[in-house]
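>>> I'll drop the sequence and a predicted model, then ask my questions.
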Amino acid sequence: MDWTFTFISLAKILGVIFVIVLPLVSYTVYAERRISAIIQDRVGPNRTGFPLTVLGFKKDLVLPLGGLGQPIADAMKFILKEDFTPASVNKFYYWLAPCLAMAPAMLTIAVVPFGSTLFGVPMVIANVNIGVLFVFAIASLGVYGIVLAGWSSNSKYPFLGGVRSTSQMISYELSLGLSIIPLFLVMGELNLTKIVEYQIAHGWTIIPFSNLPNFLPGLFDHRAHHVMAYVNWRQILLWVPMFISFVVFTISIFAETNRLPFDLPEAETELVAGYHTEYSSMKFALFFLGEYAAMITGCSIIVTLFLGGWYVPFIPDGTHGWVWGLVNIAVFFGKVSALLLFFIWIRWTLPRFRYDQLMRLGWIYLFEIALVNVILTAGILAIPQSWFS
Amino acid sequence: MSPFLFWTFAVLMVLFGISVVAQSNPVASALSLVVSFIALAALYVSLDAFFLGIIQILVYAGAVMVLFLFIIMLLDLRAGHQEHARPTTIAGGVLIALLFVGQLATVLSHFPAGRGIPPALSAPVQDVQSVGHLLFTSYNLPFQIAATLVLVATIGVVVLSKRELQ
């Protein structure tokens, strides 16, 4: 067995999960609370600092921004609360459900290329040929956590939440899968690393020609028509289906992660708290954090497929030095964070859908739009190249 | 493929397969079937058939079994009131199992006995492309027939579920 490979993979897994994703999860929760406060004209959690006195320092560290220690306080609260198991629940499945809610979200990050290379090591945990399908397959297992939580709680509100989430996730999985087929038609690749490489060569999927800065020396070559040499009419036409794909995919990700305006499985006004009504302390926290982890994974997939992954014009990749490798990783998670902010902003802006509206949107609009989009893309690709020049 | 991985997942698959039949709780049976499917997918993956393995999880574990679970939960099937199997049922089950084993043996006997494990393919297999290519060339007619059947079934379901409204 190749031990270096094992150790490098282990380092990547531990690095991604414990250094990047889990802190990102807790700070997304913090960002959600602060941003919701700003949107609702409240103050929000702005006091908690880092309790350095516990470690023997003289003073607690309270940063100018304040409140950055809030995730630590939240975590302590979740761990120290009484872990109550109601008497009438189905114990085994009641304990199993929170794990099943958290694990798939963490697993899918394995195939996402979160950076170029660092010291020559590609920054993706598992570079598999069927990257996107892997993401869908594992993410589709996430529904078991919610269903089992609803069923094993043996109580009507969790049950209704579980049933709702099942039908919602199955409905939106269809448009999720169909919406990115145009992408594969254009790129001819399922491998996420190769999809990013394609976007480096041809520009971001939803911003065509964002790769033009790569040709900058050529652009100012004292020949005005030179710019047009890099502009491909087919790519301009393809921008339309690519953008439709992006919109449908993003909406479906909202529905898959149970985020408002699609958070019917846990609609507070109707179902108390939905599928996790009977859960307390850390088991509830696992559902809560699992939702945010799924959001981060969903955002990383959107970034990888549509927003160029770790690539930004003018920034070289990791082969030019490890500093650039780190910059690429930072760029990727910067983009993910920007999308997370968008998710949070939507949540505190839009009201919730009614259940029949949710189903109509999924089955009658998004599904059909995605289907027509596939045909549209295939039609554009079928036009002979000679017509464009 | 590592023998250790093969035995782990093969044993898991068979154990949970038995558990599907042995469990008295329908939800437990359905979940055992899911684990069995995932173990089967792991076997595919260890044979470098990534596409097959992932489709196995995506279609069976992720979609079909979720619907099964959904129906079991909606019908509120409880554990306990299990009917005792009649001799004819057992005989039928054994017969079908024997038929399947016989079929498997006939198919396998057409292959020469292996002299050890063939080397794994060194180049990554483009299995999505090869499956797609085969489907649209050699097996185009069966593929189209299957697609038509699915379409007919879909329309049938819509018609049947709308009948009450008229």
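Structure received.

>>> so which bits of stretch A:117-130 are buried?
For stretch A:117-130, a neighbour-count test (16 or more other Cβ atoms under 10 Å in any protein chain shown) marks A:T117, A:L118, A:M123, A:V124, A:I125, A:V128, A:N129, A:I130 as buried. Every C-beta, even on glycine, is put in place using the N, C-alpha and C of the backbone.

>>> hey, where'd the helices end up in the stretch 251-389 of chain A?
Along the stretch 251-389 of chain A, the segments classed as helices by DSSP state H, counting those that start in this stretch run A:268-271, A:281-306, A:322-347, A:355-360, A:367-382.

>>> and of these, who's closest to B:T137?
Taking Cβ to Cβ, helix A:367-382 is the member of the helices of the stretch 251-389 of chain A nearest to B:T137, at 18.1 Å.

>>> interface residues of chain A facing chain B?
A:93, A:128-130, A:133-134, A:136-138, A:140-141, A:143-144, A:147-148, A:150-151, A:159, A:162-163, A:166-167, A:169-170, A:173, A:190 (Cβ under 8 Å from any Cβ of the partner chain).

>>> 7 Å instead?
Contact residues (Cβ under 7 Å from any Cβ of the partner chain) of chain A with chain B: A:128-130, A:133-134, A:136-137, A:140-141, A:143, A:147, A:151, A:163, A:166, A:170, A:190.

>>> let's verify the residue in chain B that chain A sits nearest to: helix, strand, or coil?
Residue nearest to chain A within chain B: B:G62 (2.9 Å; Cβ to the nearest Cβ). Recorded secondary structure, B:G62: helix (DSSP: H, G, I helix; E, B strand; the rest coil).

>>> over to A:T48?
Following three-state DSSP, we place A:T48 in the coil state.

>>> pull the helix or strand in which A:S140 is found out as CSV, backbone CA atoms only.
Here A:S140 sits within helix A:131-141, counting by DSSP states H and E. Below are the C-alpha coordinates for helix A:131-141, written out as CSV (Å, rounded to 0.1, in the frame of the first residue of the first chain):
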residue,chain,number,x,y,z
GLY,A,131,-17.8,13.7,-9.6
VAL,A,132,-21.2,15.3,-10.0
LEU,A,133,-23.2,12.0,-9.9
PHE,A,134,-21.4,11.1,-6.7
VAL,A,135,-22.6,14.4,-5.2
PHE,A,136,-26.2,13.7,-6.2
ALA,A,137,-26.1,10.1,-5.0
ILE,A,138,-24.7,10.9,-1.5
ALA,A,139,-26.9,14.0,-1.2
SER,A,140,-30.0,11.9,-2.0
LEU,A,141,-29.2,9.8,1.1
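
>>> residues near B:A30, how many?
Neighbourhood size, B:A30 [other Cβ atoms under 10 Å in any protein chain shown]: 19.

>>> got the contact list for it?
Contacts here follow Cβ atoms under 7 Å, 6 or more residues apart in numbering or on different chains; on that basis B:A30 touches B:M65, B:F68, B:L69, B:I72.

>>> also near chain A: which of these, exactly?
Restricting the contacts of B:A30 to those touching chain A (Cβ under 7 Å from any Cβ) yields B:L69.

>>> B:Y60 reaches B:I38, doesn't it?
No. Using Cβ atoms under 7 Å, B:Y60 is not in contact with B:I38, being 9.1 Å away.

>>> the residue of chain B closest to chain A against A:L141, yeah?
Yes. Assessed by Cβ under 7 Å, B:G62 is found in contact with A:L141 at 5.9 Å.

>>> of those two, give the one with the bigger neighbour count.
Applying other Cβ under 10 Å to B:G62 and A:L141 shows that B:G62 carries more neighbours, namely 27 against 21.

>>> now that one, nearest residue through space, not along the chain?
Spatial nearest neighbour of B:G62, chain neighbours left out: A:S140 (2.9 Å); criterion: Cβ to Cβ, 6 or more residues apart in numbering or on different chains.

>>> tell me the confidence at that neighbour?
pLDDT, A:S140: 83.

>>> quick check: it vs A:S171, distance?
Separation of A:S140 from A:S171 (Cβ to Cβ, to the nearest Å) stands at 12 Å.

>>> looking at these two, which has the bigger crowd around it?
Neighbours were tallied for A:S140 and for A:S171 using other Cβ under 10 Å; the higher tally belongs to A:S140 (23 against 19).

>>> my guess is that one meets B:V64, correct?
No. With contact defined as Cβ under 7 Å, A:S140 does not reach B:V64; the gap is 10.7 Å.

>>> mind listing what B:A39 touches?
B:F9, B:L12, B:M13, B:F16.

>>> from those residues, which ones fall inside helices?
Taking DSSP state H as the definition of helices, those contribute B:F9, B:L12, B:M13, B:F16.

>>> list buried residues within those.
For the ones in helices among the contacts of B:A39, a neighbour count by 16+ other Cβ under 10 Å gives the buried set as B:F9, B:L12, B:M13, B:F16.

>>> any chance of those residues in JSON lines, plus pLDDT and distance to chain A?
Listed next are these as JSON lines, based on pLDDT from 0 to 100; distance: Cβ to the nearest Cβ, whole Å:
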{"residue": "B:F9", "pLDDT": "89", "distance to chain A": "16"}
{"residue": "B:L12", "pLDDT": "91", "distance to chain A": "16"}
{"residue": "B:M13", "pLDDT": "91", "distance to chain A": "17"}
{"residue": "B:F16", "pLDDT": "91", "distance to chain A": "14"}
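
>>> got any ranges where chain B has weak pLDDT?
Residues of chain B that meet the criterion pLDDT under 70 lie in B:1, B:77-83, B:113-125, B:164-166.

>>> quick one: name the residues of it near chain A.
Within chain B, the positions near chain A by Cβ under 7 Å from any Cβ are B:27, B:50-51, B:54, B:57-58, B:61-63, B:66, B:69-70, B:73, B:124, B:126, B:128.

>>> ok, now with 6 Å
Residues of chain B lying close to chain A by Cβ under 6 Å from any Cβ of the partner chain are B:F50, B:F51, B:I54, B:I57, B:L58, B:G62, B:V66, B:L69, B:F70, B:M73, B:P124, B:V128.

>>> of those residues, which is the nearest to B:T88?
Distance to B:T88, by Cβ to Cβ, is smallest for B:L69 among the residues of chain B next to chain A, at 29.9 Å.

>>> can you list the domains in chain B?
Domain segmentation of chain B under automatic domain parsing yields B:1-78, B:128-166.

>>> and residue 32, what does it touch?
Just going to use chain A. For A:E32, the contact set (Cβ atoms under 6 Å, 6 or more residues apart in numbering or on different chains) comprises A:I344.

>>> wait, chain B was what I had in mind.
B:S32 sits next to B:F16, B:S19, B:V20 when contact means Cβ under 6 Å, 6+ apart.
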